[in-house]
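A.B. asks: Pasted the sequence and its predicted model underneath.
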Amino acid sequence: MDVLTKLDPVFERNATCPGCGSVLGLKFILQSLEDTKNVVIVTSPGEITELVKSLKVPVVNSSDPASTARGLAVAMPESRIIVYAGDGYTANNMTSLLSVTENVLYICYNNSNQIERKEFVKAVSHLSSYSATANVAYYEDFVAKLRKVFSKSGFRFIDLLCPCPARWGFDKSNTIEVGRMATESCVWPLYEVDGIAAITKIPPRQEPVTLYLEMLRIKLPEEKVRSLQESVNKNWRALGESKLV
């Protein structure tokens with residue numbers, strides 16, 4: 001079955017930009033649920049604000065989604081509270097995020113230009129029952145992680161790469177290709193922390209960072225490219241040794 005055509009009972013319409021990785025991420029999340037009964041979505045203002053108005057599940061929009069989710073988890077203990085918030089609001093509210101102990105699944109849709117990574121998983125891994133990175137370009141890996149977190153309780157966190165054609169400057173038809181190159185170049189490695197850190201997707205070969213930069217039409221000085229490649233290689237080696245990147 002084509003997951004991109006299985007919209008009901010999730011969406012009635014789509015008012016976002018073509019090729020939006022954040023929309024794909026939200027579709028995959030809701031379609032991975034066995035049902036949407038008792039599900040409450042907490043979002044941050046941003047690219048998907050118009051889209052969430054058409055969701056057939058309760059949605060709360062908040063500039064501090066972590067704090068809002070905590071309150072909802074206490075007030076509505078029978079509900080499944082899922083945060084779907086942008087990386088900007090996540091970064092700006094790290095104090096709130098690091099205070100979550102309630103039964104909350106927090107998914108950060110990370111659609112900034114991923115040359116300089118915001119390492120959210122590293123920050124929350126020792127506080128959550130489960131944390132991971134994911135990528136809308138790797139549907140099977142993402143869904144496997146969703147099924148795992150849906151079966152767990154407590155605070156859980158996924159940092160989801162959502163390539164953005166409008167922000168990143170690539171053609172709207174290349175969202176999946178750009179996402180795949182982010183992982184194949186190890187700029188965005190896929191791993192989980194479930195007691196220990198473990199890689200969940202090993203590329204057939206590690207592509208050079210320059211290929212990823214070319215897809216994004218980014219030109220950097222040679223020294224900067226070398227530094228970036230060295231940093232990526234170091235993080236990948238550390239992750240392979242089951243150390244957090």
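C.D. replies: Cool, the structure landed. In this text the structure is predicted, and so the values were computed from the model without any measurement.
A.B. asks: Mind telling me which residue is nearest the centre of this structure?
C.D. replies: residue 160 (1.2 Å; C-alpha atoms, centre = their mean).
A.B. asks: tell me which element the residue lying closest to that one once chain neighbours are set aside is part of?
C.D. replies: Excluding the flanking residues, the one nearest residue 160 by C-beta to C-beta, 6 or more residues apart in numbering is residue 134, at 4.7 Å. Placement of C-beta: from N, CA and C, glycine included. Assigned by DSSP states H and E, residue 134 belongs to strand 130-135.
A.B. asks: counting contacts, what elements does the helix or strand following that strand pack onto?
C.D. replies: Helices and strands here follow DSSP H and E; after strand 130-135, the next one along the chain is helix 139-150. Contact partners of helix 139-150 among helices and strands, from 3 or more C-beta pairs under 8 Å, 6 or more residues apart in numbering; DSSP states H and E: helix 21-32, strand 130-135, strand 156-161, strand 190-194, strand 196-201.
A.B. asks: I'd like those as JSON lines, with distance to residue 96 appended.
C.D. replies: Below are the helices and strands packed on helix 139-150 laid out as JSON lines (distance: least, C-beta to C-beta, whole Å):
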{"stretch": "helix 21-32", "distance to residue 96": "21"}
{"stretch": "strand 130-135", "distance to residue 96": "16"}
{"stretch": "strand 156-161", "distance to residue 96": "13"}
{"stretch": "strand 190-194", "distance to residue 96": "20"}
{"stretch": "strand 196-201", "distance to residue 96": "25"}
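A.B. asks: can these go into TSV with extra columns for mean pLDDT and distance to residue 222?
C.D. replies: Shown next, in TSV, are the helices and strands packed on helix 139-150 (pLDDT from 0 to 100; distance: least, C-beta to C-beta, whole Å):
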stretch	mean pLDDT	distance to residue 222
helix 21-32	88	29
strand 130-135	96	28
strand 156-161	96	26
strand 190-194	95	28
strand 196-201	92	29
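A.B. asks: of all the ones you listed, which lies closest to residue 142?
C.D. replies: strand 130-135 (4.3 Å; C-beta to C-beta).
A.B. asks: For burial, what's the neighbour tally of residue 69?
C.D. replies: Residue 69 is flanked by 28 other residues according to other C-beta atoms under 10 Å.
A.B. asks: That one and residue 42 touch, don't they?
C.D. replies: Yes: with contact defined as C-beta atoms under 8 Å, residue 69 reaches residue 42; the gap is 4.8 Å.
A.B. asks: Give me the common contacts of those two.
C.D. replies: Common contacts of residue 69 and residue 42, defined by C-beta atoms under 8 Å, 6 or more residues apart in numbering, comprise 81, 83.
A.B. asks: So, low pLDDT: which residues of this protein?
C.D. replies: In the prediction, the chain carries residues with pLDDT under 70 at positions 1-18, 47-53, 113-118, 243-245.
A.B. asks: and the nearest residue to residue 182 once chain neighbours are set aside, how many neighbours?
C.D. replies: Closest residue in space to residue 182, ignoring its immediate chain neighbours: residue 188 at 4.0 Å, by C-beta to C-beta, 6+ apart. Neighbourhood size, residue 188 [other C-beta under 10 Å]: 24.
A.B. asks: Residue 188 contacts residue 135, doesn't it?
C.D. replies: Yes: assessed by C-beta under 8 Å, residue 188 is found in contact with residue 135 at 6.1 Å.
A.B. asks: Please identify every residue contacting each of those two.
C.D. replies: 161, 179, 182.
A.B. asks: Now for the second one, how many residues are close by?
C.D. replies: One way to gauge burial is a neighbour count; for residue 179, by other C-beta under 10 Å, it gives 21.
A.B. asks: rewinding a little: unless I misread the structure, the residue nearest to residue 182 falls within a strand.
C.D. replies: No: applying DSSP: H, G, I helix; E, B strand; the rest coil, one finds residue 188 to be coil, outside a strand.
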